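**Student:** Model the structure of this input:
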Amino acid sequence: MVNTAQLPAHQLLDVLYPPQGAASPTDAQAATALTNFLNLLVGIDAKHTRKQLSLDYLASQVFSKTRLLHKDSEKVAYCRSHLNIAVRQLRLLINQVSSPLTLSSLEPYSSILRDYIFDLGEVVPFLERNNPGFVYLSGGKNSNVHSWEVYLLSRGLIYQSAFRGSGPQFDHKTAQITAIFALRQALELRFERLVSVYPIDKNGRGPKLRHGFHQKFITTHTQYFDAPGVDFPKIQKVYDWCSEVVHLAYQPFAWQTEWALEIAEQLLRPRKPVKGQAWNIAGSVEIIDVVAMQDAYEVYFLENYDHGSWRMMRHRPEALIKNWHSSMQMMAPDYRSAGLSIAAKRSKNNNVMSSGDGKRFVRWFAAGALGFGLGWIASTKRSAAQESLMARPNGEDG
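**Tutor:** Residues are numbered from 1 along each chain as shown. Coordinates of the predicted model:
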């Protein structure tokens, strides 16, 4: 029988949330419990991460779409990456706590520290599965977000738009969910407004673009964007992860939200002001040639959107722009047809299929059905991760 009082995770929990009838912890006990918990994680991280993992590799693991992991190598890569970032973000969090560390200085961080404790219960035990007698934690938490909670969040936002009271506006869990909703929207708007070309059809309506349309254009046309310190591929991973959380509605790991914000701020925060120069709130990116960039986007849109006739409306992008003048903001006089290149590709594919004996079509159909099934599996909630260790493609090292 394991004495849970000796486990670092339980020691920290008992400091943050003392058992009923127990004496209030001292400042020394609070500092010791937090130090012991961090040291436990640092030791396990060092044991299982014997070489430095690149941030690109870690981002591909931490923010990849949910899926079932079947091989031990995939599970190890997933758990190792999450633990590595958890240690990184926990250290940053501890640095925010006022020094010297006391029980009262720790109290405002109790909810997020509790999340670290329970979230790592899905990671640490698997890494230490071959360590006889190792016990990390006795207990767990429910990470699923019920539709009722999402409704309460929506209702709270509506009420707050009419009246702002005193005190915290949301409880801990819904504050995290709201942050991801808002971060996704902020990234989506910034990508769209870096381009600032708006196709309008004959009814005055815009197109229904798939998610990531503007991001894909920017990452494939980087010659128009001067963005030192902005890692667009990594930001794309964060955006895709935010979209998954929004659609599947689960509470993410504590460290994911913090690191996602850090990465997204590369794009969302302006550059530091330069003495003698004007400061721009959208200054993280400079567009080198606005006219050429917007010309390229119009071609990209017409080639990659599958139907309709469109007039292009141009606005000033949310970025640093030299030599901007009002004549650049304009509505094109003519409508242009979209989807011609897509139609040509479809016609070519149809010809290939019809010229065969039908077997190729059957194989394509079967592959499509299999893909649908795998896609459905991939949408399973993270709350099942304790049994199946769901997540993340790529089992190799960074």
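**Student:** Next, count neighbours for residue 174.
**Tutor:** As a burial measure, residue 174 scores 18 neighbours (other Cβ atoms under 10 Å). C-betas here are computed from N, CA, C, even on glycine.
**Student:** so where does it fall, helix or strand?
**Tutor:** helix 172-195 (DSSP states H and E).
**Student:** Just the mean pLDDT for that helix, thanks.
**Tutor:** The pLDDT scores in helix 172-195 average 88.
**Student:** please begin residue numbering at 390 from this point
**Tutor:** Right, with 390 as the first residue, what we last looked at is helix 561-584.
**Student:** list the contacts for the residue nearest to residue 611 when sequence neighbours are not counted?
**Tutor:** In this structure, residue 611 finds its nearest non-sequential neighbour in residue 621, 7.1 Å apart by Cβ to Cβ, 6 or more residues apart in numbering. Counting by Cβ atoms under 8 Å, 6 or more residues apart in numbering, residue 621 touches 604, 607, 608, 611, 656.
**Student:** Would you mind listing which of those residues are buried?
**Tutor:** The neighbour count (16 or more other Cβ atoms under 10 Å) marks 604, 607, 656 as buried among these.
**Student:** Closest one to residue 487 out of the contacts of residue 621, please.
**Tutor:** residue 656 (30.9 Å; Cβ to Cβ).
**Student:** Touching, that closest one and residue 576? I think so.
**Tutor:** Yes: contact status for residue 656 versus residue 576: in contact at 7.0 Å, counting by Cβ atoms under 8 Å.
**Student:** For these two, list the residues in contact with both.
**Tutor:** residue 624.
**Student:** pLDDT value on residue 639, please?
**Tutor:** Taking residue 639 on its own, its pLDDT is 86.
**Student:** Please report the distance of it from residue 646.
**Tutor:** 12 Å (Cβ to Cβ, to the nearest Å).
**Student:** One more: residue 634?
**Tutor:** 9 Å.
**Student:** what's the pLDDT at the nearest residue to residue 694 once chain neighbours are set aside?
**Tutor:** Excluding the flanking residues, the one nearest residue 694 by Cβ to Cβ, 6+ apart is residue 727, at 4.4 Å. The model reports residue 727 with a pLDDT of 85.
**Student:** Kindly provide the distance from residue 727 to residue 696.
**Tutor:** Counting by Cβ to Cβ, the gap from residue 727 to residue 696 is 6 Å.
**Student:** Between these two, point out the one with more neighbours.
**Tutor:** Neighbours were counted for residue 727 and for residue 696 using other Cβ under 10 Å; residue 727 has more, 21 against 13.
**Student:** quick one, phi/psi of the more buried one?
**Tutor:** The phi and psi values for residue 727, taken as degrees, to the nearest 10, are phi -100, psi 160.
**Student:** show me what contacts it?
**Tutor:** 588, 596, 690, 691, 694, 695, 696, 697, 698, 699.
**Student:** what do you get if the cut-off is 7 Å, keeping everything else the same?
**Tutor:** 690, 691, 694, 695, 696, 697, 699 (Cβ atoms under 7 Å, 6 or more residues apart in numbering).
**Student:** ok, the first one - contacts?
**Tutor:** Counting by Cβ under 7 Å, 6+ apart, residue 690 makes contact with 588, 727.
**Student:** May I have the phi/psi pair for it?
**Tutor:** Residue 690 has phi and psi values of phi -60, psi -50 when expressed as degrees, to the nearest 10.
**Student:** any idea how far residue 701 is from it?
**Tutor:** 8 Å.
**Student:** what residues are shared contacts of those two?
**Tutor:** Common neighbours of residue 690 and residue 701 (Cβ under 7 Å, 6+ apart) are residue 588.
**Student:** In the longest strand seen in the chain, which residues are buried?
**Tutor:** Using DSSP state E to define each element, the chain has its longest strand at strand 698-703. By neighbour count on 16+ other Cβ under 10 Å, the buried set for strand 698-703 is 699, 700, 701, 703.
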